[in-house]
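> quick one, what's the 3D model for this:
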Amino acid sequence: MEKIKAFFKRKDIEISAKRYGIDALSAMAQGLFASLLMGTILSTIGQQADVELLVTIGDIAKSMTGPAMAAAIGYALKCPPLVLFSLTVVGAAGNSMGGAGGPLAVLIVTIIAAEAGKAVSKETKIDILVTPFVTIMAGVLLSVWWAPAIGKAASALGNAIMWATELRPLFMGILVSVIVGIALTLPISSAAICAALSLTGLAGGAALAGCCAQMVGFAVMSFRENRWGGLVGQGLGTSMLQMGNIVKNPRIWIPPILASAITGPLATCVFRLEMNGAAISSGMGTCGLVGQIGVYTGWLNDTASGVKAAVTAFDWMGLILVSFVLPAVLSSIFGSVLRRAGWIRENDLKLDV
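Numbers count the residues shown, from 1 in each chain. A predicted model of the protein is given here:
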């Protein structure tokens, strides 16, 4: 056992929830952003501006989703170059065979293939042959064996959540909004979770509401401490910046969570806000306005297919209220109450940036 531990340490193979559940998952989201999401944005701009080149570039970016995710995961797992480059093949296999649940399939098979590749890396004199062979064979064979089942399971879970949201929009609106919003602020990736579950439709709208409540809520609530830099950093960046302060005083998390519990059901029951763009957008909130762009892309797709007659002023009002206005107002109100009660003290929300 000691020899195995020493070997794993030498190869930097760390079997832990943090390495696989936080580092790899967060990296996967970045790979998704750099391929699928950016490709979707470029394609949408190209379609609206009638620029065929942008549409072509966007389609190429989207076609590289699997390799981009796998390379990002390999980077997070600190893979040697030959392993990292070989993982692009693994990502392509996992994503294509995983279907709608491709991202989750890629995550699982890439982690195993990466660690297998790291284990044999530089252990032989023909490393340039052995390492890519082991990495690719392990990843592709696992993709053939596991990816379809993983994809179906992830898709089934996502469909169940979306079905339940349609059936019970009030309860599920609260549940999805709060849970995904919390995931966004935690050091895990809400975007990767939404992508892995293919969370779109009304459930995607609730997820977006929860993420916006966290980002805009913390940005506005902490304005007195962090001013404009904090407003932009959290409102258009990530509420994860507050994680250190949450550990010190968990009560500062109450206002944005309460805000998400209100905006979620408003999104599902009142505004019928649906995310029919890329599923990853459901977990992005106001980060770079990607969530809002995703909703708009979905509107365009729905109107083009005839599902939606037109984009109305009510649609725009719902998107603006759920994404920006209500999170800001509600979190400010709840934050003020907690400040007066002494639960939130001066500089509890101060960022060290």
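> can you show me the strands along the stretch 201-350 of the chain?
Under the criterion DSSP state E, counting those that start in this stretch, the stretch 201-350 of the chain carries no strands.
> just for this structure, where's the confidence low?
Residue ranges of the chain with pLDDT under 70: 353.
> how far away is the residue positioned nearest the centre of it from T312?
Nearest to the geometric centre of the chain sits A191, at 0.9 Å (Cα atoms, centre = their mean). Separation of A191 from T312 (Cβ to Cβ, to the nearest Å) stands at 28 Å. C-betas here are computed from N, CA, C, even on glycine.
> same deal with S323?
17 Å.
> with neighbour numbers in mind, choose between the two.
S323 (26 against 11; other Cβ atoms under 10 Å).
> quick check: closest non-adjacent residue to the more buried one.
In space, and not counting its chain neighbours, S323 is closest to C212: 4.6 Å by Cβ to Cβ, 6 or more residues apart in numbering.
> could you report the neighbour count for the one you found?
Using other Cβ under 10 Å, C212 is surrounded by 33 other residues.
> ok, now which ones touch it?
Contacts for C212 were tallied using Cβ atoms under 8 Å, 6 or more residues apart in numbering; they are T263, G285, T286, G291, V322, S323, F324, P327.
> do the same with V180
The contact partners of V180, taken as Cβ under 8 Å, 6+ apart, are S190, I193, C194, L199, A206, A207, G210, C211, S282, G283.
> on that earlier part again, just give the nearest non-adjacent residue to the residue nearest to the centre of the chain, would you?
G283 (3.8 Å).
> how many residues are close by that neighbour?
32.
> what's the answer for L42, then?
L42, neighbours per other Cβ under 10 Å, totals 21.
> re earlier: relative to D59, which of the contacts of C212 is nearest.
Nearest to D59, judged by Cβ to Cβ, of these is G291 at 22.0 Å.
> of all the contacts of V180, which two lie farthest apart?
Of all pairs in the contacts of V180, the most separated under Cβ to Cβ is I193 and A206 at 13.4 Å.
> which residues touch A191?
Neighbouring residues of A191 by Cβ under 8 Å, 6+ apart: A29, L32, F33, L184, I280, S281, S282, G283, M284.
> same question, S63
Residues in contact with S63, defined by Cβ under 8 Å, 6+ apart, are G39.
> switch to 7 Å and redo it
Going by Cβ atoms under 7 Å, 6 or more residues apart in numbering, S63 touches no other residue.
> cool, V55 as well?
Each residue near V55 by Cβ under 7 Å, 6+ apart is listed here: S43, G46, Q47.
> before we move on, what about Q47?
Neighbour list for Q47: V55 [criterion: Cβ under 7 Å, 6+ apart].
> tell me which element it is part of?
Assigned by DSSP states H and E, Q47 belongs to helix 38-49.
> for that helix, buried residues please.
M38, G39, T40, I41, L42, S43, T44, I45, G46, Q47 (16 or more other Cβ atoms under 10 Å).
> what's the closest of those residues to P255?
Within those, distances to P255 taken as Cβ to Cβ reach their minimum at I41, with 30.9 Å.
> ok, that closest one to G342 distance?
The gap separating I41 from G342 is 44 Å, by Cβ to Cβ.
> repeat that for K18.
For K18, the distance to G342 - Cβ to Cβ - is 34 Å.
> same thing with W299?
Distance, W299 to G342, using Cβ to Cβ: 45 Å.
> next: R227.
Distance of R227 to G342, given as Cβ to Cβ: 23 Å.
> cool, A310 as well?
50 Å.
> K125 now?
68 Å.
> where's G151, which helix or strand?
With DSSP H and E as criterion, G151 is part of helix 127-167.
> which strands and helices sit next to that helix?
On a contact count with 3 or more Cβ pairs under 7 Å, 6 or more residues apart in numbering; DSSP states H and E, helix 127-167 meets helix 81-98, helix 102-120, helix 169-185, helix 201-221.
> ok, 6 Å please
Packing contacts for helix 127-167, counted by 3 or more Cβ pairs under 6 Å, 6 or more residues apart in numbering; DSSP states H and E, involve helix 81-98, helix 102-120, helix 201-221.
> could those go into TSV alongside distance to R168?
Shown next, in TSV, are the helices and strands packed on helix 127-167 (distance: least, Cβ to Cβ, whole Å):
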stretch	distance to R168
helix 81-98	29
helix 102-120	25
helix 201-221	11
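> just say which of these is most tucked in.
Mean neighbour count (mean count of other Cβ atoms under 10 Å) peaks for helix 201-221 among the helices and strands packed on helix 127-167, with a mean of 32.
> quick check: angle from it to helix 169-185?
Interaxial angle, helix 201-221 versus helix 169-185 (axes from the mean of the first three to the mean of the last three Cα atoms, to 10 degrees): 50 degrees.
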